[in-house]
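Sequence first, predicted coordinates after that:
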Amino acid sequence: MTPQQKSFNFASLLLCACMFASGACGIILEYIQASLASMILGNAFEQWAMVIGLMMFWMGFGSLIQTRISKPYLVYAFIGIEIFLALAGGFSPTLTYLSYGYTWSSTFLSASSAS
């Protein structure tokens, strides 16, 4: 094999597919969180900007932490973090609605009935 020819590497293709799927899920989660925040808190522009800013901050923080993980554990760390983010992102709308229902709405109702 000459140096110019490259063999097909299935592991690289699989890694690229996982990264694409992870990015697509991140964009979908960002859309869900921004829509949910806009519905609950109003001011859609501010909520979208806040969600995008937080996502960018945590992406930078994740890249900083990634440099401190030793090379043999990178794949395991990636899988564990993605599973955690999938669970957190999947349950976050439900937890947001529950927390809003038990805090904000009861606060406003008791404040309006007291006056």
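Sure thing, it's come through. Numbering: from 1, shown residues only.

Tell me how many other residues surround residue 51.
Using other CB atoms under 10 Å, residue 51 has 20 neighbouring residues. Placement of C-beta: from N, CA and C, glycine included.

buried stuff in the helix or strand hosting it?
Element membership for residue 51 (DSSP states H and E) is helix 44-66. Buried residues in helix 44-66, counting neighbours by 16 or more other CB atoms under 10 Å, are found at 47-48, 51, 55.

element containing the residue nearest to residue 22 when sequence neighbours are not counted, please.
By the measure of CB to CB, 6 or more residues apart in numbering, the closest residue to residue 22 outside its immediate chain neighbours is residue 82, 6.1 Å from it. Using DSSP H and E, residue 82 sits in helix 74-102.

and what of residue 29?
Assessed by DSSP H and E, residue 29 sits inside helix 10-41.

Show me what that helix is packed up against.
With contacts taken as 3 or more CB pairs under 8 Å, 6 or more residues apart in numbering; DSSP states H and E, helix 10-41 sits against helix 44-66, helix 74-102.

pLDDT of it, averaged?
The average pLDDT for helix 10-41 rounds to 88.
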